[in-house]
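[1] please find the sequence and the predicted model below.
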Amino acid sequence: MRVRALALALVLVLAAPVPAGALERVRGVLHVHSDLTTGDFSLEALVGLADQHGIGVLLLAENHRLRVTYGLPPFRALTRVSRQAPSLGDAPERYLARVAEVRQRLPHVLLIPGVEVMPHYYWTGSPLALDMTVHNLQKNILVFGVTDPAALATLPVAGHAPAGHYTVQSVADALPVLLLVPGLALLRRRPVRRRLGRGAVIVVRRRGWVRGAGLCAIGLAALARGWPFTADTYSTTSDPGVAPYQALIDRVEQLGGATVWSFPEARDVGEEHVGPVRVSWLTEPHPDDLLKTFRYTAFGAVYEDTSTFERPGGGWDQLLAEYVRGERSRPAWAVAESGFHGLTAGKQVGPLQTVFLVADKSEAGVLDALRRGRMYAVQRTREVGFDLAQFTVTGGGTRVGAGETLQVPAGTPIELAVAVEASDRRAHDVRLVIVVNGRAVAVERGGTPMRTVYRATTDGTPLVLRVEARGAPHRLLSNPIFVRP
């Protein structure tokens, strides 16, 4: 009996939340590209830049498969034209090995390999009308924690048709292969041609070289370009909604990884001419898709563009309310997203940081913090930024931090303690907002360091508490703490 009691006590201790004060703060930059795909800097150079900005971890997001194709109906495979930007393609093992090698040589900045995935794109318009548009090239999801090359190479994205998936289009793509039959017959046959010359009949035997070779060439091209004649699950000629994105999220979850919706309110537009055809690309803001998809880990909430999803009473609070009502199996966390490729347009590697609260500075520790919501997002200058020195809720003798849940009986007093400091320890103007269940319940203005306490008594209603601090050009956004009866 005593052994069982000791075992139970040990389990309870191991399962208990790590006190917020015991966690180490690690500054990270999420969504970074190197010269392995579309970035300007090598991994070694990125480590050097991170070192200069006091950054402890870089979460890489190299392009997974940045390839777009178009084919004229009905024989799309035979007439297919493709364009591919630098990406990992079918060889992610080289990328993973390169990261491991640099991480071993330069361990002071932790490199975490991830990929940026384009789950789907689709076309409108027609080359016959000399005007075409490809949609959703930048409607992407970042994937972390999947380090099996075979798993990465077969993620459910455009261009990775599942084996055995055949459609009517598969039949259309296979039909031109049948031209091999008459082509070979023409090459084998010896037709007789009779010519009258100098009063004599001459019999000439010729093969149908030109026609036969032409038909065989078309058949072989159709075979090579269409094999194995499987089709993508989702057509690239229509918009399937969020289905391909949810399929990717679910697959990554099965693999034990983490998914992050990338730049959900950014708009990407442009065009170029391919001969006489105008080809445009367009990605519209898509914050509503964050409410239509489930079980993803986080979303880009703070980045160098206008965003509204994370504002009090906005989409994020709606999503968090669905979670505490039991309509979602998990919440979605907020991160700062960089999208760093190089120093063009004055961009730097350090202004957008996600500060992780980790038990240990390792890949496993950072990804665990990402999954649990133990982090906060920061927008700062190179010289100074805001730090969330304290963000805890105490009630019933228990204290919890970001991403955690406090369970107390109705009628229990709770206390939210918040402290915001400047990294240079000097005074800077700050506006602090405490958000409870999507409503700004307290707004304080002053200078750093700012400390405040919000007190309430639970009535059995689940609570979602989070904070935001602003002081141009600085910004800080916490992840929530939940209180449940």
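    In hand now; what should we look at?
[2] helix or strand for the closest residue to Arg470 other than its chain neighbours, just tell me which one.
    Once flanking residues are discounted, Arg470 sits nearest to Arg431: 5.0 Å by Cβ to Cβ, 6 or more residues apart in numbering. Just so you know, the C-beta spots here come from the backbone N, C-alpha and C atoms, and that holds for glycine as well. Using DSSP states H and E, Arg431 maps to strand 429-436.
[3] how about exporting that strand as PDB, limited to the C-alpha atoms?
    Extracted C-alpha coordinates of strand 429-436, given in PDB (Å, rounded to 0.1, in the frame of the first residue of the first chain):
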ATOM      1  CA  ASP A 429       5.700  54.700 -22.200                       C
ATOM      2  CA  VAL A 430       3.400  51.700 -22.100                       C
ATOM      3  CA  ARG A 431      -0.300  51.000 -22.400                       C
ATOM      4  CA  LEU A 432      -1.300  47.800 -20.700                       C
ATOM      5  CA  VAL A 433      -4.700  46.100 -21.500                       C
ATOM      6  CA  ILE A 434      -6.100  43.100 -19.500                       C
ATOM      7  CA  VAL A 435      -8.500  41.100 -21.600                       C
ATOM      8  CA  VAL A 436     -11.000  38.700 -19.900                       C
END
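[4] buried ones in it?
    Val430, Leu432, Val433, Ile434, Val435, Val436 (16 or more other Cβ atoms under 10 Å).
[5] just flag the most distant two among those residues.
    Val430 and Val436 (19.5 Å; Cβ to Cβ).
[6] quick one: pLDDT of the closest residue in space to Ala410 that isn't next to it in sequence?
    Distances taken as Cβ to Cβ, 6+ apart place Gly460 nearest to Ala410, at 3.8 Å, with adjacent residues excluded. Note for Gly460: predicted pLDDT of 91.
[7] pairing partners for the strand holding Arg431, with directions?
    According to DSSP bridges, strand 429-436 has the following sheet partners: strand 439-447 (antiparallel), strand 463-471 (antiparallel).
[8] how far off centre is that strand?
    29 Å (Cα atoms, centre = their mean, to the nearest Å).
[9] pLDDT on it, on average?
    Per-residue scores along strand 429-436 average to 98.
[10] who touches it?
    312, 317, 386, 416, 418, 420, 440-448, 450, 452, 454, 456, 463-471, 474 (Cβ atoms under 8 Å, 6 or more residues apart in numbering).
[11] so what's Asp305 closest to, chain neighbours aside?
    Distance criterion Cβ to Cβ, 6+ apart; nearest residue to Asp305, sequence neighbours excluded, is Ala266 at 5.0 Å.
[12] show the pLDDT at the one you found.
    At Ala266, pLDDT is 95.
[13] give me every residue that touches it.
    Counting by Cβ under 8 Å, 6+ apart, Ala266 has contacts Gln138, Thr283, Pro285, Tyr303, Asp305.
[14] ok, His273 next?
    Taking Cβ under 8 Å, 6+ apart, one finds Val279 in contact with His273.
[15] quick one on the thing from earlier: how close does the residue nearest to Ala410 sit to Val483?
    10 Å (Cβ to Cβ, to the nearest Å).
[16] now do Trp333
    17 Å.
[17] and for the closest residue to Val467 other than its chain neighbours, the neighbour number?
    Distances taken as Cβ to Cβ, 6+ apart put Ser478 closest to Val467, at 4.8 Å, once the chain neighbours are dropped. Neighbourhood size, Ser478 [other Cβ atoms under 10 Å]: 24.
[18] quick check on Ser478: phi, psi?
    phi -90, psi 160 (degrees, to the nearest 10).
[19] what bridges to it?
    Tyr376.
[20] contacting residues for it?
    Tyr376, Leu388, Phe391, Ala402, Arg466, Val467, Glu468.
[21] show me where pLDDT drops low in the stretch 51-200 of the chain?
    72, 74-79, 159-165, 190-200 (pLDDT under 70).
[22] swap in 80 and give it another go.
    Filtered on pLDDT under 80, the stretch 51-200 of the chain yields the residue ranges 70-82, 84, 89-90, 158-175, 177, 179-180, 183, 186-200.
[23] which parts of it are strands?
    57-60, 62-63, 67-70, 81-84, 110-112, 114-117, 122-126, 131-135, 141-144, 192-197, 200-205 (DSSP state E, counting those that start in this stretch).
[24] also the stretch 251-400 of the chain?
    258-261, 268-274, 277-283, 298-302, 333-336, 352-358, 375-379, 386-395, 398-400.
[25] coming back round to it: what's the most distant pair in the contacts of Ser478?
    Ala402 and Glu468 (12.9 Å).
[26] neighbour count for the two, which is higher?
    Taking other Cβ under 10 Å, Ala402 and Glu468 do not tie; Ala402 has more neighbours (25 against 22).
[27] look up the closest residue to the more buried one, ignoring the ones flanking it.
    Asn479 (4.6 Å).
[28] got the contact list for the one you found?
    Trp333, Ala334, Gly373, Arg374, Met375, Tyr376, Ala402, Gly403, Arg466.
[29] tell me which of the strands of the stretch 51-200 of the chain lies nearest to Thr381.
    Across these, closest to Thr381 is strand 57-60 (Cβ to Cβ), at 19.3 Å.
[30] longest helix in this structure, please.
    helix 209-226 (DSSP state H).
[31] need phi/psi at Asn479.
    The phi/psi pair for Asn479 (degrees, to the nearest 10) is phi -90, psi 160.
[32] gap between Pro113 and Glu62?
    8 Å.
[33] Leu477 now?
    Taken as Cβ to Cβ, the span from Leu477 to Glu62 is 26 Å.
[34] check Asp131 too.
    Taken as Cβ to Cβ, the span from Asp131 to Glu62 is 33 Å.
[35] in terms of neighbours, single out the busier of these two.
    Counted by other Cβ under 10 Å, Asp131 and Glu62 do not tie: Glu62 has more neighbours, with 24 against 14.
[36] the more buried one touches Tyr95, doesn't it?
    Yes: the criterion here is Cβ atoms under 8 Å, and Glu62 meets it with Tyr95 at 6.0 Å.
[37] mutual contacts of the two, please.
    Leu36, Leu88, Pro113.
[38] would you list those residues in TSV and tack on neighbour count?
    Below are the shared contacts of Glu62 and Tyr95 laid out as TSV (neighbours: other Cβ atoms under 10 Å):
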residue	neighbour count
Leu36	19
Leu88	22
Pro113	26
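[39] Trp333 and Val483: who's more crowded?
    Neighbour totals were compared for Trp333 and Val483, and Trp333 leads with 28 against 24 (other Cβ under 10 Å).
[40] so what's Ser34 up against?
    Phe41, Ser42, Leu43, Leu46, Leu60, Glu62.
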